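Engineer: Sequence plus predicted model, see below.
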Amino acid sequence: VIVFLIIGFVFLIKGADFFVEGSSSVAKKFNVPSLIIGMTIVAMGTSLPELAVSVTAAITGNNTLAVSNVSGSNIFNLMVVCGACALFAPLTIEKNTLMKEFPFSIVCAGLLVVLGFIGMKLGRVDGIIFLVIFVAYLFWMIYSAKKARSEGDKFETEEEEMAEEIKILPMWKCLLYIVGGMIAIKFGGDFVVNGASSIAAGFGLSQTLIGLTIVALGTSLPELVTSIVAARKNEVDMALGNVIGSNIFNILLVLGVAGAISPVAFVTENLIDIAILVVMSVVVWIFAWSKKKLVNWHGAVMLVSYVAYLVYICIR
């Protein structure tokens, strides 16, 4: 089961890479601007593993895994990915991220608590609401970036830079990457959900705990790897922006799709975890506002907080 779980994570991550590369190449071939490619295909790439796992979990009826995967991934992204980066180098935060995206991510998490509390589930209507907000958010992001460009602002996201570097591949190779990536993501999701469910059953653990720990860590590997690589290149400025973007995608797109496919039942622990995510987000936002950057002691507090959270979810 553990071998299948590891294979599942590898399939998810490599499948997402191939899918993004193939899709971006097709978009570039049809002269879609790098800005649009970066803000959509490339930005969604790191959320594809969470999407695959949560959708598979929703279809197979393992709904608690769908919610705990998203809340666990978001807490891990915020506290560990950003905390680790801040620990090694000061993490400068863009004004846009501080004033717009970060508060919006907190509002999204708050909305998830409210909708989850009403009827203790995320129904089809709730899922569609999330997807509508997600589409509006995408349009807003693209509009803001275009406006910044027209005003002569040279600010570029890491996703845009990646989109500009993408090579145009032959069409057969693009199709191979897209189809192969989708197949890998599909089977990766199956392996992870089945493996996680088996481990939970075998050790008598709850699916919520497995979703918050093993599955959340596995599906957050793309964010972790991207941020570590950026930190090693001294390009940590974008780390928080990327994490906040990924967290918004996880809530609106991943749970929106999962809820629209099959109503996702909530348990009390899910609401507590999402409430903890809101509190942690507010604390990190205050840290960021105080100095306009996250410094090493902020990173240390964030990592210690995550360890405390892990201890709490294991003993509850």
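Structural biologist: Alright, I've got the coordinates. Keep in mind the model is a prediction, meaning the values are calculated, not measured.

Engineer: So which residues of the stretch 201-316 of the chain form helices?
Structural biologist: Per DSSP state H, counting those that start in this stretch, the stretch 201-316 of the chain carries helices over the ranges 207-210, 216-219, 221-232, 239-249, 255-261, 268-291, 296-315.

Engineer: Out of these, which is closest to residue 35?
Structural biologist: helix 239-249 (14.3 Å; Cβ to Cβ). (Glycine included, C-beta is placed from N, CA and C.)

Engineer: Now do the closest one against helix 268-291, angle only.
Structural biologist: Interaxial angle of helix 239-249 relative to helix 268-291 (axes from the mean of the first three to the mean of the last three Cα atoms, to 10 degrees): 150 degrees.

Engineer: still on that earlier bit, just the helices of the stretch 201-316 of the chain: most buried one?
Structural biologist: A comparison of the helices of the stretch 201-316 of the chain by mean neighbour count, using mean count of other Cβ atoms under 10 Å, puts helix 239-249 on top with a mean of 25.

Engineer: Extract the CA atoms of that helix and return them as CSV.
Structural biologist: Taking C-alpha atoms only, helix 239-249 is exported to CSV below (Å, rounded to 0.1, in the frame of the first residue of the first chain):
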residue,chain,number,x,y,z
ALA,A,239,7.2,32.5,-2.7
LEU,A,240,4.4,33.9,-0.6
GLY,A,241,2.5,35.2,-3.7
ASN,A,242,2.7,31.7,-5.2
VAL,A,243,1.5,30.0,-2.0
ILE,A,244,-1.4,32.4,-1.5
GLY,A,245,-2.4,31.9,-5.2
SER,A,246,-2.2,28.1,-4.8
ASN,A,247,-4.3,28.2,-1.5
ILE,A,248,-7.0,30.3,-3.3
PHE,A,249,-7.0,27.7,-6.2
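
Engineer: List the contacts of that helix.
Structural biologist: 43-44, 46-47, 74, 77-78, 81-82, 85, 91, 93-94, 96-97, 101-102, 104-105, 108-109, 134, 137, 157-159, 223, 226-227, 230-231, 288, 294 (Cβ atoms under 8 Å, 6 or more residues apart in numbering).

Engineer: What of stretch 271-291?
Structural biologist: With Cβ under 8 Å, 6+ apart, stretch 271-291 has contacts from 67-68, 71-72, 74-75, 78-79, 82, 93, 98, 102-103, 105-106, 109-110, 112-113, 116-117, 208, 212, 240, 294, 298, 301-302, 305, 309, 313.

Engineer: Could you pull up the mean pLDDT of that stretch?
Structural biologist: Average pLDDT, stretch 271-291: 93.

Engineer: do stretch 175-188 as well
Structural biologist: 93.

Engineer: Kindly report the same for stretch 80-98.
Structural biologist: Here the average pLDDT along stretch 80-98 is 83.

Engineer: Put the alpha carbons of that stretch into PDB.
Structural biologist: Below are the C-alpha coordinates for stretch 80-98, written out as PDB (Å, rounded to 0.1, in the frame of the first residue of the first chain):
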ATOM      1  CA  VAL A  80       6.000  25.200   6.200                       C
ATOM      2  CA  VAL A  81       6.700  26.300   2.600                       C
ATOM      3  CA  CYS A  82       6.700  30.000   3.500                       C
ATOM      4  CA  GLY A  83       8.100  29.500   7.000                       C
ATOM      5  CA  ALA A  84      11.100  27.500   5.700                       C
ATOM      6  CA  CYS A  85      11.800  30.100   3.000                       C
ATOM      7  CA  ALA A  86      11.600  33.000   5.600                       C
ATOM      8  CA  LEU A  87      13.900  31.100   8.000                       C
ATOM      9  CA  PHE A  88      16.700  31.000   5.400                       C
ATOM     10  CA  ALA A  89      16.200  34.400   3.800                       C
ATOM     11  CA  PRO A  90      13.900  37.400   4.400                       C
ATOM     12  CA  LEU A  91      10.700  37.000   2.400                       C
ATOM     13  CA  THR A  92       9.800  40.300   0.700                       C
ATOM     14  CA  ILE A  93       6.100  40.600   0.000                       C
ATOM     15  CA  GLU A  94       4.600  42.400  -3.000                       C
ATOM     16  CA  LYS A  95       2.200  45.200  -2.100                       C
ATOM     17  CA  ASN A  96      -0.500  43.600  -4.300                       C
ATOM     18  CA  THR A  97      -0.200  40.300  -2.400                       C
ATOM     19  CA  LEU A  98      -0.600  42.100   0.900                       C
END
